[in-house]
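A.B. asks: Give the three-dimensional model of this entry:
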Amino acid sequence: MAYDLIVVGSGPGGYVAAIRAAQLGMKVAVVERESLGGICLNWGCIPTKALLKSAQVFEYIQHAGDYGIEVAEPTADFGKMITRSRGVADGMSKGINFLFRKNKIEVLSGTGKLIRGKKVEVTDENGKATTYDAENIIVAVGSRARQLPNLPIDGKKIIGYREAMTLPTQPKRMVVVGAGAIGVEFAYFYSSIGTEVTIVEFLEQGLVPREDADISKELTKIYKKKGIKTLANTSVEKVDTGSDVLKVTTKNRKTGKEEIIECDVVLSAAGISPNTENIGLEDLGIETDRGIIHVDELYRTNVPGIFAIGDVTSGPALAHVASAEGIICVEGIAGMNPAPLDYGNIPGCTYCSPEVASVGFTEAAAKEAGYEVKVGKFPFSASGKASAAGAKEGFVKVIFDAKYGEWLGAHMIGANVTEMIAEVVASRKLETTGHEIIKTVHPHPTMSEAVMEATAAAYDEVIHL
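C.D. replies: The predicted structure follows:
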């Protein structure tokens, strides 16, 4: 029962690390207590996108007349949307099982705990514990919804993202606490099928508060048109769950004014917490800070042979980050001397409608860092493809260093922009300048032309504005 590598957790960090290790000739096992694929494939990235696609199709049908198509009045079947989402997630999880069999990776079903001597104890659902030896161990156990002191998740009246994907009935009114990616995505889904939604965000900027301020303003404007109410710079003081109708007391942090919002359910979307309790870190003396495991650029902990990747470390809690970390970690174990991950060039995507995508500095952050900037913006209202597609909302905003032409950042809001951001990530990786983008011929008509046009706008060379 000895392995070259045991990976604890099979999310996008764990399963990618395991497959890469197997490709490099290691004997690999993965510990998983639930379904292969972790939160991302089963309760996060994948099933939420299935729900959002159902909402988008419903909106398309509602506006079919705009495209010259007459259809009967559509209705949203909430239960079937949930069922489709779960089916997509199950299919992806089975795909990971296939990849594990293909790469001869053994699955150890149960809850893993690290014990001294480079061992992992796996306890199955019947309470039987088995100990396995490994030359190397990667901790990739992910995270869960953060529990706020005054917003305890009970799974029925106050719910997290897992419950939001499997509610037995559609709520008539919902309060979403937190306006990051999880909050605005669920707000869009439920609002699009008829739920009255109010978003409460603690930070002053409001929707997607970590994004560029122009993106936040644009999304707030669009959500207001959709009927979604946003309370920015506002805290949730308490939730009265004593009756079927919940009463959420909010307080504006600037004025001190309190407001009571009645709803059927409260979705807590105020961040995540790492799943690092009770997995043996303290017993081994592994250094942590509030549950976050300390690692170096190759994801080594302070204990030789023990590594950590993904949401349990200090990097961005994103699936593609965990996957990249897993590959670097395993290649380091194999002695390949991989280059460290550039955390300044990580794309962020939010799959609401319209979508949001970004990478690099915001305009404000670039100025705070001391850069003299050139900023260009191109609205999709001026895009021929966007007009033809009926998707004229949003824009592309680019930021360049005025002195050397370095591409500092890009921020997009609009249809399919999550598919467009990779151009910027690759260009920044290759140290491309603004003028090189202007001279790169983009196909017409496409939404991606907006990247070239925004860049041209930054250098006062834009044609179509």
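A.B. asks: just the helices in the stretch 101-250 of the chain please.
C.D. replies: Using DSSP state H, counting those that start in this stretch, the helices of the stretch 101-250 of the chain run over 161-164, 181-192, 213-226.
A.B. asks: and these, which is most packed in?
C.D. replies: helix 181-192 (a mean of 25; mean count of other C-beta atoms under 10 Å). Using the backbone N, CA and C atoms, a C-beta is placed for each residue, glycine as well.
A.B. asks: what's the angle from that one to helix 213-226?
C.D. replies: Angle, helix 181-192 to helix 213-226, by axes from the mean of the first three to the mean of the last three C-alpha atoms, to 10 degrees: 20 degrees.
A.B. asks: Let's test this: what are the backbone torsions at I6?
C.D. replies: Backbone torsions of I6, given as degrees, to the nearest 10, read phi -120, psi 130.
A.B. asks: residues near it, how many?
C.D. replies: Per other C-beta atoms under 10 Å, the neighbour tally for I6 reads 28.
A.B. asks: Run through the bridge partners of it.
C.D. replies: Counting by DSSP bridges, I6 is bridged to A29, I137.
A.B. asks: ok, now which ones touch it?
C.D. replies: 28-31, 108, 112, 120, 132, 134, 136-138 (C-beta atoms under 8 Å, 6 or more residues apart in numbering).
A.B. asks: do the same with F202
C.D. replies: Going by C-beta under 8 Å, 6+ apart, F202 touches 178, 233-235, 253, 270.
A.B. asks: Which of those ranks first by neighbour count?
C.D. replies: Most surrounded of those: other C-beta under 10 Å gives G178, at 26 neighbours.
A.B. asks: residue contacts, that one?
C.D. replies: 199-202, 268-271.
A.B. asks: so how far is C40 from it?
C.D. replies: For G178, the distance to C40 equals 19 Å [C-beta to C-beta, to the nearest Å].
A.B. asks: for the protein, what helix or strand is lowest in average pLDDT?
C.D. replies: In the chain, the helix or strand scored least confidently by mean pLDDT, DSSP states H and E is helix 38-43, which has a mean of 88.
A.B. asks: where along the stretch 251-400 of the chain do the strands fall?
C.D. replies: Applying DSSP state E, counting those that start in this stretch to the stretch 251-400 of the chain gives strands spanning 258-263, 265-268, 272-274, 288-289, 292-293, 306-308, 348-350, 355-360, 373-379, 395-401.
A.B. asks: ok, which stretches of the stretch 101-250 of the chain are strands?
C.D. replies: All strands of the stretch 101-250 of the chain, identified by DSSP E, counting those that start in this stretch, fall at 106-109, 111-115, 119-123, 129-139, 143-145, 158-159, 173-177, 196-200, 229-231, 234-240, 246-252.
A.B. asks: Now do the contacts for the residue nearest the centre of the chain.
C.D. replies: In the chain, the centroid-proximal residue (C-alpha atoms, centre = their mean) is L318; its distance is 5.2 Å. By C-beta under 8 Å, 6+ apart, the contact set of L318 is 346, 348.
A.B. asks: would you turn the strands of the stretch 251-400 of the chain into CSV with mean neighbour count and mean pLDDT?
C.D. replies: Putting the strands of the stretch 251-400 of the chain into CSV (neighbours: other C-beta atoms under 10 Å; pLDDT from 0 to 100) gives the following:
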stretch, mean neighbour count, mean pLDDT
strand 258-263, 15, 97
strand 265-268, 26, 97
strand 272-274, 19, 94
strand 288-289, 12, 96
strand 292-293, 20, 98
strand 306-308, 26, 98
strand 348-350, 21, 97
strand 355-360, 24, 98
strand 373-379, 20, 98
strand 395-401, 26, 98
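A.B. asks: out of these, nearest to V16?
C.D. replies: Distance to V16, taken as C-beta to C-beta, is lowest for strand 306-308 among the strands of the stretch 251-400 of the chain, at 13.6 Å.
A.B. asks: so how far is the closest one off the chain centroid?
C.D. replies: Distance of strand 306-308 from its chain centroid, counting by C-alpha atoms, centre = their mean, to the nearest Å, is 23 Å.
A.B. asks: same check, this time on stretch 354-368
C.D. replies: Averaging C-alpha positions (C-alpha atoms, centre = their mean) puts stretch 354-368 16 Å from its chain's average.
A.B. asks: first vs last residue of it, how far apart are they?
C.D. replies: End-to-end distance of stretch 354-368: 29 Å, with C-alpha to C-alpha, to the nearest Å as the criterion.
A.B. asks: okay, now the domains of this protein?
C.D. replies: 2-145+273-343, 158-270, 354-458 (automatic domain parsing).
A.B. asks: quick one on the thing from earlier: which one, of the strands of the stretch 101-250 of the chain, ends up nearest to Y459?
C.D. replies: Y459 lies closest, by C-beta to C-beta, to one member of the strands of the stretch 101-250 of the chain: strand 229-231, at 34.7 Å.
A.B. asks: and that closest one, which residues are buried?
C.D. replies: Along strand 229-231, these residues count as buried under the neighbour rule (16 or more other C-beta atoms under 10 Å): 230-231.
A.B. asks: What of stretch 12-28?
C.D. replies: Neighbour counts over stretch 12-28 (16+ other C-beta under 10 Å) mark 12-22, 24, 26-28 as buried.
A.B. asks: now, which of those lie within strands?
C.D. replies: Mapping the buried residues of stretch 12-28 onto strands (DSSP state E) picks out V28.
A.B. asks: Spatially, which two of the buried residues of stretch 12-28 are the most separated?
C.D. replies: Maximum distance among the buried residues of stretch 12-28 (C-beta to C-beta): 22.1 Å, for P12 and K27.
A.B. asks: Nearest residue to Q205 in space, please, no chain neighbours.
C.D. replies: Nearest residue to Q205, sequence neighbours excluded (C-beta to C-beta, 6 or more residues apart in numbering): S216, at 5.0 Å.
A.B. asks: So the one you found versus M165, what's the distance?
C.D. replies: Taking C-beta to C-beta, one finds S216 at 26 Å from M165.
A.B. asks: How about I138?
C.D. replies: 28 Å.
A.B. asks: neighbour-wise, which of these two wins?
C.D. replies: I138 (29 against 22).
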